[in-house]
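*Asks:* below are the sequence and a predicted model; questions follow.
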Amino acid sequence: MRQPFRWLLLLFCLAAISPVNGQRVFNLSYTAATGEQSLTGRLFLVLAHSDSVEPRLQVGRYGTQFFGVDFVQLKPGQPVSIDNATFGYPINSLINIPPGDYYAQAVLDKYTEFKRSDGHTLWMHADQWEGQDWRRSPGNLYSPVVKITIDPPKANGRPPVISLAVSTVIPPIAVPPDTKWVKHLKIKSAKLTQFWGQPIYIGATILLPKGYEEHPNQHYPTIYQEGHFSLGAPFGFREDEHSPFYKDWTSDSCPAVIAVTLQHPTPYFDDSYAVNSANNGPYGDAIQEELIPEIEKQFRCIPEAKARLLTGGSTGGWESFALQVLYPDFYGGCWAFSPDPLDFRNVEGIDIYSDQNAYYKQHEWYRAPTANTRVPLTGEVLLTSAQRNIMELVNGTHGRSGGQLDIWSAVFGPVGDDGYFKPLFDKHSGAIDSTVAKYWKEHWDLRYYLETHWPEVGPKLVGKLHVFAGRMDDFFLNFGVYHMEDFLTSTKNPYYNGSFSYGDRGGHGWRPYTNIQLIRIMVESIPQNR
C-alpha cells in the first residue's frame, strides 16, 4: 500500500478540505513522466474509509464512493476538476460527503479511438486482457493514496484544492503458464479487427482429461463453459490435491471430456455475450468460425455438434442458451444456470414493454421504486434500478461503464446516431424509449424468437434445453425463466422435451449439482453414450 512518492505528495497537497460557499474541489492530472503527450479518457476520484486495500480496488457493486469525469486530448499536468457539479456514486455530489477522514486516490482510464467499419468513430477503453476493469487495466494510471480530512462548510475564505497526480502505470496481466492439465490459446480475430478498426483478440483456456497425453489417437467431447472473462481454468480447476474437483477430474472414474472457457471481451464489457450484434460486432461468427475451429485443430476435440455441449451461469447461462438456440446445428445441448433475461418482461426488475420508466412502477395514485437487487433469503432490496444505473453512469458515459445494463443495451439494442448504442432508457430520468424496446424484442427476446421460429428451429432443439434458476434470484432473473418455461412446455410438433429446475429459496448462484455431477449428466446425454 505504501507508495514511494506518497509522503512527498502529502507534504505538497495534503490539507483539510473546507468547502467555502459549499464548494469542494479536487484537481486530477497525469505527469509528463508517464511519457504520454496527449490522452483521451476518464478520470476517477475514489474516497474510502480505509486503505487496507487501495481505494481503487474497493470500487465495486454496492459501495465505495467515487466520481468520474471525461476528458479529451488532455496534456500532461493539465488539471481536470472534480467539484460539486461532478456526478458521483453512491453520494451524487461532493458537497454531500459527510465531514471526516478519508483515503483518496485518482485513476486514469485511457480510451482508444476505434474507427469502426460501420462508419462510426468511437472512443472506448481497449481491453488489455483484464476483462474491462478500469481499476486494474494494464496501461491505466493511478496516484498514491492520500489521507485527507473533509471539514464542515465554512462561511468565508478561499476554497482549498486537493491536487492528485496519477503517475504509476498498471503492468500487463500475467497469463498463467500452461501445465499438463491446462492450456491457453489467444488469437487475433480477423472479423472483429475489421469491424472495430483496431486489433481485437479472443482466446480460450482448455482443461485436458486424464490420459490425454497417453492416448494420442483418442478424440473427446467438449464442454464449453460460458461466462465472464477469466483466465482461470474451467470449473475452477486448480492443481491442488486438497481440491475436491481436482480429485474428481484426475480420477479414473471421471468422464473423458475436454472442458473449455472462452475469453472474448469487448470495448463495452468483459464478455461479448458470444453473439453477433450491431454495437459489438460479429463475435458469434468470430467464436464459431475462428476460435472454435482453432481449438479443435490444436486439441483433439470431436468436431461434431453432438459432442459440443454448453453450460454456464448468469451471463454464461444466457450465452449457453442463446448459442444453442441460434446455432442449433453446431451444439448438442445446453445446461443454463440463472440465465440473464430470456424474456424482457423482467430485466432486473424492469418490464421494458409495460413500464414507462425504468426507475419506478407507476400505480394509480403513487410510484414505487423499481428494485434491482435483493437478498435471496429475505427479499430485502439492496439496490434500486436508479441506483444501479447511476453507478454505471459514474463508471462511464455513452455506455462505457463496463456494467450490466449497459452491456445489455450494447448487445440487444440498435446503434445510435453518435455511434454508441441507442439507450433503452435515459440514465438520468429513467424514461424508456419504446422504439428501442421494440428493437430489443424483435432481435433478442429469446422467448419471442422461439415462439415465432419454433416450426423451423424446434425440431433441432428437442431434448437440448435445460434451465436452472433459484426462485429468489438476486436480480429477479427467475421471472424470465418462468416465461420461457411457459412457452416451451406448451410446444407441440415437436414438444421441446427439455427440463426446468428450481431452487425454492435459491439465489443467483443456486445449483442442484456439483461440477462433476453436471459433467456426468452432460456427457451421458451424448447419443452414443446413452
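*Replies:* The structure has been received and is ready for your questions.
*Asks:* all helices for the chain, in order.
*Replies:* For the chain, the helices defined by DSSP state H occupy 6-13, 55-58, 190-196, 244-249, 283-286, 292-298, 315-326, 385-395, 404-412, 434-444, 446-461, 478-488, 515-524.
*Asks:* which one of the ones you listed lies nearest to Phe71?
*Replies:* Nearest to Phe71, of all the helices of the chain, is helix 385-395, at 15.1 Å by CB to CB. For glycine as for every other residue, the C-beta is placed from the backbone atoms N, C-alpha and C.
*Asks:* how far does that closest one sit from the chain's center?
*Replies:* The gap between where helix 385-395 is centred and where its chain is centred comes out at 14 Å by CA atoms, centre = their mean, to the nearest Å.
*Asks:* residues in contact with it?
*Replies:* Residues outside helix 385-395 that contact it (CB atoms under 8 Å, 6 or more residues apart in numbering) are 66-68, 87-90, 92, 134, 348-350, 358-360, 369-373, 383, 401-406, 425, 427-428, 430.
*Asks:* at 7 Å instead, please
*Replies:* If you take CB atoms under 7 Å, 6 or more residues apart in numbering as the criterion, helix 385-395 is touched by 66-68, 87-90, 348-350, 358-359, 369-370, 372-373, 401-403, 405-406, 427, 430.
*Asks:* would you single out the least confident of the helices of the chain?
*Replies:* Between the helices of the chain, the one with the least mean pLDDT is helix 6-13; it has a mean of 31.
*Asks:* counting neighbours, which of the contacts of helix 385-395 end up buried?
*Replies:* Neighbour counting by 16 or more other CB atoms under 10 Å classes 66-68, 87-89, 348-350, 358-359, 370, 372-373, 401-403, 405-406, 427, 430 among those as buried.
*Asks:* among those, which are located in strands?
*Replies:* Among those, the members falling in strands (DSSP state E) are Phe66, Phe67, Gly68, Gly88, Tyr89, Asn372, Thr373.
*Asks:* could I get these as a markdown table with pLDDT and distance to Gln218?
*Replies:* Listed next are these as a markdown table, based on pLDDT from 0 to 100; distance: CB to CB, whole Å:
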| residue | pLDDT | distance to Gln218 |
| --- | --- | --- |
| Phe66 | 98 | 52 |
| Phe67 | 98 | 57 |
| Gly68 | 98 | 53 |
| Gly88 | 97 | 57 |
| Tyr89 | 96 | 53 |
| Asn372 | 97 | 48 |
| Thr373 | 97 | 46 |
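*Asks:* would you list the helices of the chain in TSV and tack on distance to Tyr420?
*Replies:* Shown next, in TSV, are the helices of the chain (distance: least, CB to CB, whole Å):
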stretch	distance to Tyr420
helix 6-13	35
helix 55-58	25
helix 190-196	13
helix 244-249	41
helix 283-286	17
helix 292-298	30
helix 315-326	21
helix 385-395	13
helix 404-412	8
helix 434-444	13
helix 446-461	24
helix 478-488	26
helix 515-524	38
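*Asks:* any idea which of those helices gets closest to Thr121?
*Replies:* With respect to Thr121, and counting by CB to CB, the nearest of the helices of the chain is helix 190-196 at 11.0 Å.
*Asks:* before we move on, back to that, which stretch among the helices of the chain comes nearest Glu113?
*Replies:* Glu113 sits nearest to helix 190-196 of all the helices of the chain, at 10.6 Å, using CB to CB.
*Asks:* starting at the chain centroid, how far to the closest one?
*Replies:* Helix 190-196 sits 21 Å away from the centroid of its parent chain (CA atoms, centre = their mean).
*Asks:* so which bits of that helix are buried?
*Replies:* By neighbour count with 16+ other CB under 10 Å, helix 190-196 contains the buried residues Lys191, Leu192, Thr193, Phe195, Trp196.
*Asks:* that helix - contacts with which helices or strands?
*Replies:* Counting contacts by 3 or more CB pairs under 7 Å, 6 or more residues apart in numbering; DSSP states H and E, helix 190-196 is packed against strand 281-282, helix 283-286.
*Asks:* export the ones you listed to a markdown table and tack on mean neighbour count and distance to Asp51?
*Replies:* Shown next, in a markdown table, are the helices and strands packed on helix 190-196 (neighbours: other CB atoms under 10 Å; distance: least, CB to CB, whole Å):
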| stretch | mean neighbour count | distance to Asp51 |
| --- | --- | --- |
| strand 281-282 | 22 | 40 |
| helix 283-286 | 22 | 39 |
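*Asks:* hmm, back to that, ok, of the ones in strands among the buried ones among the contacts of helix 385-395, which one's closest to Lys115?
*Replies:* Nearest to Lys115 among those, with distances taken as CB to CB, is Gly68, at 25.0 Å.
*Asks:* in contact with that closest one, which residues?
*Replies:* By CB under 7 Å, 6+ apart, Gly68 lies in contact with Arg42, Leu43, Phe44, Val394, Asn395.
*Asks:* how many residues are close by the third one?
*Replies:* What it means is Phe44. Phe44 has 28 neighbours, counted by other CB atoms under 10 Å.
*Asks:* before we move on, the earlier item: between the helices of the chain, which one is closest to Ile162.
*Replies:* helix 6-13 (5.7 Å).
*Asks:* for Ile521, see how far away Ser501 is.
*Replies:* 11 Å (CB to CB, to the nearest Å).
*Asks:* which neighbours do the two have in common?
*Replies:* Common neighbours of Ser501 and Ile521 (criterion: CB under 7 Å, 6+ apart): none identified.
*Asks:* what's the burial count for Leu465?
*Replies:* Using other CB under 10 Å, Leu465 has 22 neighbouring residues.
*Asks:* grab the nearest non-local neighbour of it.
*Replies:* Of all residues not flanking Leu465 in the chain, Gly498 sits nearest, at 3.7 Å (CB to CB, 6 or more residues apart in numbering).
*Asks:* mind checking which of the helices and strands packed on helix 190-196 is nearest Gln225?
*Replies:* helix 283-286 (17.0 Å).
*Asks:* which elements pack onto the closest one?
*Replies:* When contacts are defined as 3+ CB pairs under 7 Å, 6+ apart, helix 283-286 packs onto helix 190-196, strand 276-277.
*Asks:* for His453, find the nearest of these.
*Replies:* For the helices and strands packed on helix 283-286, proximity to His453 was assessed by CB to CB; strand 276-277 is nearest, at 16.4 Å.
*Asks:* within the sheet, what are the partner strands of that closest one, with directions?
*Replies:* Strand 276-277 pairs in its sheet with strand 281-282 (antiparallel), by DSSP bridges.
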